[in-house]
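*Asks:* any chance you could fold what I've pasted below:
(one chain, ligands or ions: 1)
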Amino acid sequence: RGCKLVGCGSAVPKLQISNDDLSKIVETSDEWISTRTGIRNRRILSGEESLVGLAAEAARKALQMANVDPDDVDLILMCTSTPEDLFGSAPQVQRALGCSRSPLSYDITAACSGFMLGLVSAACHVRGGGFQNVLVIGADALSRFVDWTDRGTCILFGDAAAAVVVQACDSEEDGVFSFDLHSDGEGARHLSASLRHDETDAAIGSNDAVTGFPPRRPSYAHINMNGKEVFRFAVRSVPQSIEAALKKAGLNGSNIDWLLLHQANQRIIDAVATRLEIPSERVLSNLANYGNTSAASIPLALDEAIQSGKVKPGHIIATSGFGAGLTWGSSIIRW
Ligand code: ACO
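*Replies:* This next block holds a predicted model:
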C-alpha cells in the first residue's frame, strides 16, 4: 500500500508588515533584514482572525484540490507549536471543516519541523493503519510569542497555515519515497519558548510559599534564540539529512526537480543548496513575502509553487524541515 499527495492549499492573515514597518518599532532597517535573511514582508494575525480559522481555510482548499469531501477525511494532523488551546487545536479544525464522521484528529508539536513529522505520520497511518485520506496541516502564529522589542528575533517570523491531503494508493503510484528524521535535546537551549515560573512576572493565582501548593499557573517566555548556533546547526545537519533521504530513495541530487527547505533564512537555503550542488533555479523560496512561518512554511511554499505552475505533476521534491527541539528531518516526495 502506497500514499501520495493529492491536494494542497494555504491561507495567510490579511495584515502585512514590511521591514520598514518594523524599523518604526525596533532599531533595524530594510537593508539589514533583507541582506541577512532575505525577508521583506510577513503576515501577522490580527483582529478576529484565528489560527484555527486559517488552518481550516487552508484545509478546505487542499480538500477541494484533492476532490475529497470533508466527510471522507479519516485523520487530521495539525502540526503547530502555537495551539489556541493547550489541549490541542486539531479537533477544532475538524469541527470548522464539518467532518461529520468524527475522524481522529490530533496535534503534532515540533516547531519548524512539524510539517515534516506530520507528513511522516500521515504516511505511516496510511500504510500501516488503513487510513484513506489524511489532512496534514502546518499552522503557526509565532507572532504571539515573539518579543516585539527584540530586533534579533521579531524580524524573522510570520503567521500562516497550509495543508496537504495524503491519500492511500497502489504501491506503484507511491509519492512519499523516503524519510530521514532526527532530534537533539542538547540543542534545545539554542531555540526555545519555555514555561517560565518567574514569581514576579508570570505568577497568576496564589500558593503557599512554603509548600508550593497549590501550584501557580506559569506562562510561556518569549522566543529565545541563539541565531548563530541555529544557523550553524541548519547548515551542517540539513544537507546530511537530505543526502540520507536521497540515498534511502535510491536517488541523488541530479534526480530531483526541486529543493524545498523550511523557509527560515535565505542564506541557510543558499548554503544548503550549494552543499548539495543544486542550482538556484531548482530551489523554491517564498520567505521574502512571509518570513519564517514555522510549521506552515514548507506546505505554503509548495502550494504557491504548484499554483504558479512551477511544480508540475510527477516532479520529485527533496524537502527538509529543521528548527527548535532541536529537530530536523527530510523526505523525498513526488507531486
Ligand atoms: N537590525 C539591525 N541590527 C541587528 C538586528 C536587526 N534586526 N538584529 C541583530 N542586529 C545586530 C546585532 O545587535 C549585532 O550588533 P553588534 O555587532 O553591534 O553586537 C549585529 O547585528 C550582528 O548580530 P548577529 O546576531 O551576530 O547577526 P547574524 O549575522 O548572526 O544574523 C540572524 C542574525 C539573521 C538571526 C542569523 O543568525 C540567522 O538567521 N540565524 C538562523 C536562525 C533562524 O533562522 N532562526 C529562525 C527560527 S529557527 C528555524 O526556523 C531554524
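*Asks:* ok, the residue in the stretch 101-250 of the chain that the ligand sits nearest to - contacts?
*Replies:* Minimum separation of the stretch 101-250 of the chain from the ligand (Cβ to the nearest ligand atom) falls at residue 227, amounting to 2.7 Å. Every C-beta, even on glycine, is put in place using the N, C-alpha and C of the backbone. The neighbours of residue 227, taking Cβ atoms under 8 Å, 6 or more residues apart in numbering as the test, are 152, 153.
*Asks:* can I get stretch 250-264 in CSV, CA atoms only?
*Replies:* The C-alpha trace of stretch 250-264 is given here as CSV (Å, rounded to 0.1, in the frame of the first residue of the first chain):
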residue,chain,number,x,y,z
GLY,A,250,17.9,5.3,-4.3
LEU,A,251,18.3,8.8,-5.8
ASN,A,252,20.9,11.6,-5.9
GLY,A,253,20.7,15.4,-6.2
SER,A,254,20.5,15.3,-10.0
ASN,A,255,17.3,13.2,-9.9
ILE,A,256,15.3,15.9,-8.0
ASP,A,257,13.3,18.7,-9.7
TRP,A,258,13.1,20.9,-6.7
LEU,A,259,14.7,21.6,-3.3
LEU,A,260,12.2,22.8,-0.8
LEU,A,261,13.5,23.7,2.6
HIS,A,262,11.8,25.2,5.7
GLN,A,263,11.9,28.9,4.9
ALA,A,264,14.0,30.3,7.8
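*Asks:* of all the residues in it, which ones are buried?
*Replies:* 251, 253, 256, 257, 258, 259, 260, 261, 262, 263, 264 (16 or more other Cβ atoms under 10 Å).
*Asks:* next: stretch 260-280.
*Replies:* Counting neighbours by 16+ other Cβ under 10 Å, one finds that the buried residues in stretch 260-280 are 260-266, 268-269, 271-273, 275-276, 278.
*Asks:* up against the ligand, what does the protein have?
*Replies:* Residues of the chain lying close to the ligand by Cβ under 6 Å from any ligand atom are 28, 32-33, 36-37, 112, 151-152, 155-156, 191, 225, 227-228, 230-231, 234, 262, 264-265, 292, 322-323.
*Asks:* show me what the helix or strand hosting residue 330 is packed against.
*Replies:* Following DSSP states H and E, one finds residue 330 within strand 327-334. Judged by 3 or more Cβ pairs under 8 Å, 6 or more residues apart in numbering; DSSP states H and E, the packing partners of strand 327-334 are strand 2-11, helix 114-129, strand 176-183, helix 227-248, strand 316-323.
*Asks:* on that earlier part again, got JSON lines for the buried residues of stretch 250-264, with secondary structure and pLDDT too?
*Replies:* JSON lines is the format used below for those (DSSP: H, G, I helix; E, B strand; the rest coil; pLDDT from 0 to 100):
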{"residue": "251", "secondary structure": "coil", "pLDDT": "95"}
{"residue": "253", "secondary structure": "helix", "pLDDT": "90"}
{"residue": "256", "secondary structure": "coil", "pLDDT": "95"}
{"residue": "257", "secondary structure": "coil", "pLDDT": "97"}
{"residue": "258", "secondary structure": "strand", "pLDDT": "98"}
{"residue": "259", "secondary structure": "strand", "pLDDT": "98"}
{"residue": "260", "secondary structure": "strand", "pLDDT": "98"}
{"residue": "261", "secondary structure": "strand", "pLDDT": "98"}
{"residue": "262", "secondary structure": "coil", "pLDDT": "98"}
{"residue": "263", "secondary structure": "coil", "pLDDT": "98"}
{"residue": "264", "secondary structure": "coil", "pLDDT": "97"}
